[in-house]
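Q: Next one to model:
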Amino acid sequence: MKVILISRKHGGSRSVELGRWSRALLSLCCLGLPLGMVAGGFMLGQENEANSMRGMALDGLQDELEQQQKELAALQTQAELKMQAMTLSLARLQARMTRLDALGQHLTAMADLEEGEFDFSQPPAIGGPIGAEFNVEYDTGDLSAELGLFQAQLSDREQQLEILESLLANRKLEEQSWLSGRPVEKGWISSYYGKRNDPFTGKPAFHHGIDFAGKEGTNVIAVASGVVTYTGSKSGYGEMVEISHGDGFVTRYSHNKEALVKSGDVVRKGEAIALMGSTGRSTGAHVHYEVYKHGRSVDPSSYVRRTSR
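A: Numbering: from 1, shown residues only. Now for the predicted structure:
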C-alpha cells in the first residue's frame, strides 16, 4: 500500500510504501477515532442525565423542606394560640376561685359555724394509698391537666358553698318559724295567761292568752313566719288575725282596729299584720295574744321570753 505525501511549502510530493503492520496500525487509528467520539458522546450524555437527576432530586428535597417549615410554623402558631387561650382560662378560674373563697369566708362567719367546718382558706382535703409513679416529662401540654385539677378544686368550693347556702337557708327558715318575742312593736303586758277575775263580770274566769296594752293604731306584728288562715270578726275577739306556723303551732291576735293582711297571705316574722284597737269584748286598746299547739291553748309567756335563734 502506497501513501502519497504532498508538501505545501515546496509543492512537491513523495510516496511512501506501507508494510502490512503499518497498514494494520493505520486502519485501527482510522476506526478508533469515530468509536472514541461515539463513546465520549455517550459518556457525556450519561453524566448530563445524572446531573439532571441529581438537580431534580435536590429541588424536590428543597420543596419538601420548605413545606415542612411552613407546617412547623403553622403548628407553632396554633400552639401559641392554644397557650394564650389556656392562660386566659386559668386567669378567669383564679379570679373565680378568689371570689368564691371570699364569699365562702363571709358566709361561714355569718353562719357562726364551728371552726374548721368550712375552711375556705385551705385547699380541699384529698389523699389515698401510694400509687405507681409515671416518668412523664412536664411540658406545655400538661397545662390542660393543671387546668383540670384547678377546675376540680373550683367544683369543690362550689359544692361547699351549696351546702353552706342550704344550711343558712334552713337556719333562716327555722329562725323565721321560731315563735319568739312580743306581738307588738310598743306596749306592755296588762293581763297574763291563766285564772283571773273577768273584767266585765268580776267573777273568776280562765284567760287563754296574754294582753298587751298600748296606743291605738300601734302595729301588731307576727311572732313567726306563717300563713294567714283567718281574718275577720269573731265573737268575743272582735277583729282577729289567725296565723298557722307549721309543726302544729297557731297564733291569734284579737281586738284589732284593722287587719293589714288577708286569709292566704304568707307573712314573715316581725311583719305588721294589724293595727291595735279595742273591738269586741274589750275595755281599751290592746291585743289579746293566744298560742295553740296541736289544737290546745298553751301559755304564751315562754314564747314571749324566747330569743331568736
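
Q: low-scoring stretches of the stretch 51-200 of the chain, by residue?
A: 51-55, 57, 59, 96-97, 99-144, 146-147, 150, 157, 160-161, 163-177 (pLDDT under 70).

Q: again, 50 this time
A: 134, 136-138 (pLDDT under 50).

Q: element containing residue 154, please.
A: helix 143-177 (DSSP states H and E).

Q: The helix or strand that comes right after that helix - contacts with which helices or strands?
A: Proceeding N to C from helix 143-177, the next assigned helix or strand is strand 188-191, under DSSP H and E. Counting contacts by 3 or more C-beta pairs under 8 Å, 6 or more residues apart in numbering; DSSP states H and E, strand 188-191 packs against strand 210-213. For glycine as for every other residue, the C-beta is placed from the backbone atoms N, C-alpha and C.

Q: Keeping just the C-alphas, turn the strand it packs on into PDB.
A: Extracted as PDB, the C-alpha positions of strand 210-213 are listed here (Å, rounded to 0.1, in the frame of the first residue of the first chain):
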ATOM      1  CA  ILE A 210    -101.800  37.500 127.200                       C
ATOM      2  CA  ASP A 211    -103.000  41.000 126.800                       C
ATOM      3  CA  PHE A 212    -100.600  43.700 125.500                       C
ATOM      4  CA  ALA A 213    -101.900  47.200 126.100                       C
END
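
Q: ok, residues contacting it?
A: 182-184, 187-193, 284-289, 300-301, 304 (C-beta atoms under 8 Å, 6 or more residues apart in numbering).

Q: Walk me through the domains of this structure.
A: The chain breaks down into these domains under automatic domain parsing: 2-70, 188-304.

Q: weakest of the ones you listed by average pLDDT?
A: Here the lowest mean pLDDT among the domains of the chain goes to domain 2-70, at a mean of 63.

Q: Could you look up the next helix or strand downstream of the strand ranked longest in the chain?
A: If you go by DSSP state E, the chain has its longest strand at strand 249-259. Note on strand 249-259: by DSSP H and E, the next helix or strand toward the C-terminus is strand 266-267.

Q: residue boundaries of the helices in the chain?
A: In the chain, the segments counted as helices under DSSP state H are 20-111, 143-177, 301-304.

Q: So which bits of the last one are buried?
A: When you say that, I think you mean helix 301-304. 303-304 (16 or more other C-beta atoms under 10 Å).

Q: Residue 286 contacts residue 256, correct?
A: No. Counting by C-beta atoms under 8 Å, residue 286 does not reach residue 256; the two are 10.1 Å apart.

Q: Need the residues touching each of the two.
A: Counting by C-beta under 8 Å, 6+ apart, the residues touching both residue 286 and residue 256 are residue 276.

Q: name the helices or strands packed onto the longest strand of the chain?
A: Right, strand 249-259 is packed against strand 226-234, strand 238-246, strand 272-276, strand 286-293 by 3+ C-beta pairs under 8 Å, 6+ apart.

Q: Which positions in it come out as buried?
A: 249-257, 259.

Q: Direction included, what does that strand pair up with?
A: Applying DSSP bridges, strand 249-259 is found paired with strand 238-246 (antiparallel), strand 272-276 (antiparallel), strand 286-293 (antiparallel).

Q: what's the farthest-apart pair in the buried residues of strand 249-259?
A: 249 and 257 (25.4 Å; C-beta to C-beta).

Q: Any idea what residue 212 is bridged to?
A: residue 189, residue 287.

Q: From residue 184, how far out is it?
A: 5 Å (C-beta to C-beta, to the nearest Å).

Q: Common neighbours of the two, please.
A: residue 287.

Q: burial measure for residue 66, as a count.
A: 10 (other C-beta atoms under 10 Å).

Q: For residue 264, see how far away it is.
A: Applying C-beta to C-beta to residue 66 and residue 264 gives a distance of 82 Å.

Q: on that earlier part again, in TSV: the helices and strands packed on strand 249-259, plus distance to residue 58 and mean neighbour count.
A: Conversion of the helices and strands packed on strand 249-259 to TSV gives the following (distance: least, C-beta to C-beta, whole Å; neighbours: other C-beta atoms under 10 Å):
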stretch	distance to residue 58	mean neighbour count
strand 226-234	93	16
strand 238-246	92	20
strand 272-276	97	21
strand 286-293	102	23
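
Q: For the residue nearest to residue 200 when sequence neighbours are not counted, which residues are in contact?
A: Excluding its sequence neighbours, the residue lying closest to residue 200 (C-beta to C-beta, 6 or more residues apart in numbering) is residue 281, at 7.0 Å. With C-beta under 8 Å, 6+ apart as the criterion, the residues that contact residue 281 are 200, 236-238.
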